[in-house]
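K.L.:
Using only what follows, build the 3D model:
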Amino acid sequence: MSDQEPLSSLLSSQLYEFVLTQGILFGLGVGLLFYPSPSSTATYFKKYRATALGIVAAGSSIGGVVYSIMQYVASWRRCV
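P.N.:
Below you'll find the model as predicted:
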């Protein structure tokens, strides 16, 4: 087993099992990580709700870019 191999590929023997596991885990991850932040922001801000939700949406996309760059740098340092 290598460091880069996903856990779901170890548990599945058929392709449909792998796709089903990836779909469930991705949906669960998005539901737990992304959806609570806009909903709590929308309930907290009354007057500037649209501005606050715009900042939350921009922050989530910037976080995705920064996270992928950090992951790339970490993998590059591991190879050197």
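
K.L.:
quick one, helices of this structure?
P.N.:
Along the chain, counting by DSSP state H, helices occupy 7-11, 15-33, 36-44, 49-79.

K.L.:
is it true that Thr41 touches Gly54?
P.N.:
No: counting by Cβ atoms under 8 Å, Thr41 does not reach Gly54; the two are 10.0 Å apart. All C-beta atoms are positioned from the backbone trio N, CA, C, and that covers glycine.

K.L.:
if we can go back for a sec, could you dump the helices of the chain into TSV and include mean pLDDT and mean neighbour count?
P.N.:
Below are the helices of the chain laid out as TSV (pLDDT from 0 to 100; neighbours: other Cβ atoms under 10 Å):
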stretch	mean pLDDT	mean neighbour count
helix 7-11	61	12
helix 15-33	82	11
helix 36-44	83	12
helix 49-79	82	11
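
K.L.:
Which residue of the protein lies farthest from its centroid?
P.N.:
Using Cα atoms, centre = their mean, the residue of the chain lying farthest from its centre is Lys47. It sits 29.4 Å away.

K.L.:
Distance check, that one against Val73.
P.N.:
Counting by Cβ to Cβ, to the nearest Å, the gap from Lys47 to Val73 is 40 Å.

K.L.:
same deal with Ala50?
P.N.:
The value you get for Ala50 to Val73, if Cβ to Cβ is used, is 35 Å.

K.L.:
Leu25 too?
P.N.:
With Cβ to Cβ as the criterion, Leu25 and Val73 are 25 Å apart.

K.L.:
ok so, going back, confidence score at the residue farthest from the centre of the chain?
P.N.:
If you check Lys47, the pLDDT there is 89.

K.L.:
wait, what's in contact with Leu53?
P.N.:
Counting by Cβ atoms under 8 Å, 6 or more residues apart in numbering, Leu53 touches 38, 41-42.
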